[in-house]
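A.B. asks: Got a predicted model here, sequence first, then my questions.
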Amino acid sequence: MMRSLNYQIFLRKEPEGGYTVIVPSLPGCVTYGETVDEAIAMAREAIELYIEGMLARGEEVPTEEGLLEYTLTVEVPG
């Protein structure tokens with residue numbers, strides 16, 4: 001049986017070019033792409049492989065159910 005899970009991803013533009021992608025809900029799930037589209041495609045593949053590995057080890061797959069998102073602004077010196 002297949003089910004669909006949603007994961008938030010963050011893309012960071014790198015100074016040397018391209019984008020690094022992290023998946024906060026899956027610690028250590030990080031990938032890279034030359035373009036935004038490639039980075040998103042690589043993220044999808046990385047998430048699928050990450051989850052496959054978890055399932056193979058009998059681990060529970062984390063979900064983002066009940067996750068609240070908020071952007072916090074703070075003031076810093078300088």
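C.D. replies: Structure received.
A.B. asks: going forward, measure contacts between C-alpha atoms and count neighbours the same way
C.D. replies: OK.
A.B. asks: can you pull out the strands in the chain?
C.D. replies: For the chain, the strands defined by DSSP state E occupy 10-13, 19-22, 30-33.
A.B. asks: Skipping adjacent residues, who's closest to the residue nearest to the spatial centre of the chain in space?
C.D. replies: In the chain, the C-alpha nearest the mean C-alpha coordinate belongs to Val23, at 1.8 Å (Cα atoms, centre = their mean). When the adjacent residues along the chain are set aside, Val23 lies closest to Ile9, with 4.8 Å between them (Cα to Cα, 6 or more residues apart in numbering).
A.B. asks: and that neighbour, how many neighbours does it have?
C.D. replies: 18 (other Cα atoms under 10 Å).
A.B. asks: List the residues that contact it.
C.D. replies: Contacts of Ile9 were listed using Cα atoms under 8 Å, 6 or more residues apart in numbering, and they are 21-24, 43.
A.B. asks: Just the buried ones from those residues?
C.D. replies: Burial by neighbour count, 16 or more other Cα atoms under 10 Å: within the contacts of Ile9 this picks out 21-23, 43.
A.B. asks: Export those to TSV and append columns for distance to Ile51 and pLDDT.
C.D. replies: Output for the buried ones among the contacts of Ile9, formatted as TSV (distance: Cα to Cα, whole Å; pLDDT from 0 to 100):
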residue	distance to Ile51	pLDDT
Val21	16	98
Ile22	15	97
Val23	12	97
Ala43	12	98
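A.B. asks: Going by distance to Leu68, which of those wins?
C.D. replies: Leu68 lies nearest to Val23 out of the buried ones among the contacts of Ile9, by Cα to Cα, at 15.1 Å.
A.B. asks: Surely that closest one is in contact with Val30?
C.D. replies: Yes: judged on Cα atoms under 8 Å, Val23 makes contact with Val30 at a distance of 6.6 Å.
A.B. asks: any shared contact partners between these two?
C.D. replies: With Cα under 8 Å, 6+ apart as the test, Val23 and Val30 both reach Ala43.
A.B. asks: How many residues are close by Gly78?
C.D. replies: So Gly78, with other Cα under 10 Å, has 3 neighbours.
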